[in-house]
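*Asks:* pasting a predicted model and its sequence here:
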Amino acid sequence: MSTFFDEMKMSYTGVDVTDGKIETANFLLASESLVKLFDLLGSTAFAVVQNDISGNITKVRAKLLAEPTNSATLQDLVLSEVGSKKKTATQGLLWLCRGLEFTAKAMRETVDNPELELNTTFTNAYSKTLSQYHNFMIKPIFKLAMNACPYRKVFFEKLGADQDKVAKQLAEWLSALESIVKIIMDFFASGNYGKGL
């Protein structure tokens, strides 16, 4: 029986990280697969999250296609824009990672607190991640999305019928996602690359 994770084009577990550098092409494929996770949450309220993540994937991919040599890893991509006035891909990556950090935190809260419903775990994750970057116009939209989360049981059933397999795959995928997000966020902090973005 196939699960949500079996149907992904690419999982974060398959993204190469060599000497702390993250391969851009497979990272983008894995991030596109993550966007589909929000379909399982079943609310149009999550369209804003999906559109944001997808838009930022597009910005990073445009740079990869335009300059494949300079963009083979996420770190190279950011460094290639350091001196330029136009930092579209760097900004896209920063916001993409913020969206991924929120998703990772929401799923971590959900996995670690089996007694809590998704509207609680996602709201907790939002307050710890994206909330600080959003203004008073955006926050209510996200609050609406969090409140529209399905029941935990319904969401996990959508991930796959074999719940033991789902739990194992989710743990591996989530751990890989958390590791990648940490590497990118640490890299941004190390050179203050996100300043003004």
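*Replies:* Good, I have the coordinates. Residues are numbered from 1 along each chain as shown.
*Asks:* you'd agree residue 89 is up against residue 81?
*Replies:* Yes. Proximity of residue 89 to residue 81 meets the contact threshold set by Cβ atoms under 8 Å, at 6.1 Å. The way it works is simple: take the backbone N, C-alpha and C, and place the C-beta from them, glycine included.
*Asks:* any shared contact partners between the two?
*Replies:* residue 63 (Cβ atoms under 8 Å, 6 or more residues apart in numbering).
*Asks:* which one of these two has more residues nearby?
*Replies:* residue 89 (26 against 20; other Cβ atoms under 10 Å).
*Asks:* correct me, but residue 52 touches residue 99?
*Replies:* Yes. Counting by Cβ under 8 Å, residue 52 does reach residue 99; the two are 5.8 Å apart.
*Asks:* list the buried residues in the helix ranked longest in the chain.
*Replies:* For the chain, the longest helix by residue count, based on DSSP state H, is helix 163-191. Going by neighbour count (16 or more other Cβ atoms under 10 Å), the buried part of helix 163-191 is 165-166, 169-170, 173-174, 176-181, 183-185, 187-188.
*Asks:* picking up where we left off before, so for residue 52 and residue 99, which sits in the more crowded spot?
*Replies:* residue 99 (23 against 18).
*Asks:* where does the more buried one land in three-state SS?
*Replies:* helix (DSSP: H, G, I helix; E, B strand; the rest coil).
*Asks:* could you find the closest non-adjacent residue to it?
*Replies:* Distance criterion Cβ to Cβ, 6 or more residues apart in numbering; nearest residue to residue 99, sequence neighbours excluded, is residue 53 at 4.5 Å.
*Asks:* ok, that neighbour to residue 133 distance?
*Replies:* 14 Å (Cβ to Cβ, to the nearest Å).
*Asks:* and these two? Which one has more around it.
*Replies:* Higher neighbour count among residue 53 and residue 133: residue 53, with 23 against 11, using other Cβ under 10 Å.
*Asks:* packing partners of the helix or strand of the chain with the lowest mean pLDDT?
*Replies:* In the chain, no helix or strand scores lower on mean pLDDT, DSSP states H and E than helix 139-147, which sits at a mean of 81. Counting contacts by 3 or more Cβ pairs under 8 Å, 6 or more residues apart in numbering; DSSP states H and E, helix 139-147 is packed against helix 47-66, helix 118-128.
*Asks:* Throw those helices into a markdown table and include distance to residue 143 and mean pLDDT, thanks.
*Replies:* Conversion of the helices and strands packed on helix 139-147 to a markdown table gives the following (distance: least, Cβ to Cβ, whole Å; pLDDT from 0 to 100):
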| stretch | distance to residue 143 | mean pLDDT |
| --- | --- | --- |
| helix 47-66 | 11 | 94 |
| helix 118-128 | 8 | 93 |
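*Asks:* for the residue nearest to residue 99, give me its contacts.
*Replies:* 31, 34, 35, 96, 99, 100.
*Asks:* thanks a lot, see you next time.
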